[in-house]
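**Q** Structure for the following, please:
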Amino acid sequence: MIFAIIDFGRYVYYVQILNNAAREGARYAIVHGSNSFQPVGPTADDPKIRDVVRSYAIGVIGQGTDLTVHSCWKTPPSAGFDPCNPDDPSILARNTRESRVRVTASYEFRPIIPLVPIPPITITGESTLVINN
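**A** Modelled structure (predicted):
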């Protein structure tokens, strides 16, 4: 029972950390829009954004292969818009004012409960922000 409580606490901690890291990555992307002195994107999975997310994912064990970061840009949306849908050719990736940036961080959480084989659980943190510069 104690291990279950500890694992649940770890799970909640990782959810919060990944949501915060994704939000900081999205914030970095909107601050570094096309009008900034050091623009990033609009290529998918920008390495600068990945590095920002990884630096904010403090305490996430095994960041190497267990932590994946995706980022994408799309122009202003219509109703029911998915900014990272590659099958939507009508919406172009741009890094300009009112474009949206979505950053997603996923982690394979592995419980530490002994004697009970629980498979890894995928935790995902996500943030979508609008470029306003």
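**Q** if I pick Leu129, what's in contact with it?
**A** With contact set as Cβ atoms under 8 Å, 6 or more residues apart in numbering, Leu129 has these partners: Arg23, Ala26, Arg27, Ala29, Ile30, Arg100, Val101. For the C-beta atoms, the positions are set from N, CA and C on the backbone; glycine is no exception.
**Q** any idea how far Arg97 is from the spatially closest residue to Pro120 that is not a sequence neighbour?
**A** The shortest distance from Pro120 to any non-neighbouring residue, by Cβ to Cβ, 6 or more residues apart in numbering, is to Glu108 (4.4 Å). Using Cβ to Cβ, to the nearest Å, Glu108 is found at 37 Å from Arg97.
**Q** circling back: next SSE downstream of the helix or strand containing the residue nearest to Pro120?
**A** Using DSSP states H and E, Glu108 maps to strand 100-109. As assigned by DSSP H and E, the chain's next helix or strand after strand 100-109 is strand 121-130.
**Q** tell me, what residue is most central in this protein?
**A** Residue closest to the average C-alpha location in the chain (Cα atoms, centre = their mean): Thr104, at 2.3 Å.
**Q** Test of understanding: give the bridge partners of that residue.
**A** With DSSP bridges as the criterion, Thr104 is bridged to His70, Glu126.
**Q** That one against Val53, yeah?
**A** No: contact criterion Cβ atoms under 8 Å: Thr104 and Val53 do not qualify, at 9.2 Å.
**Q** in this structure, what secondary structure element scores lowest on mean pLDDT?
**A** Lowest by mean pLDDT, DSSP states H and E among the helices and strands of the chain is helix 63-66, with a mean of 64.
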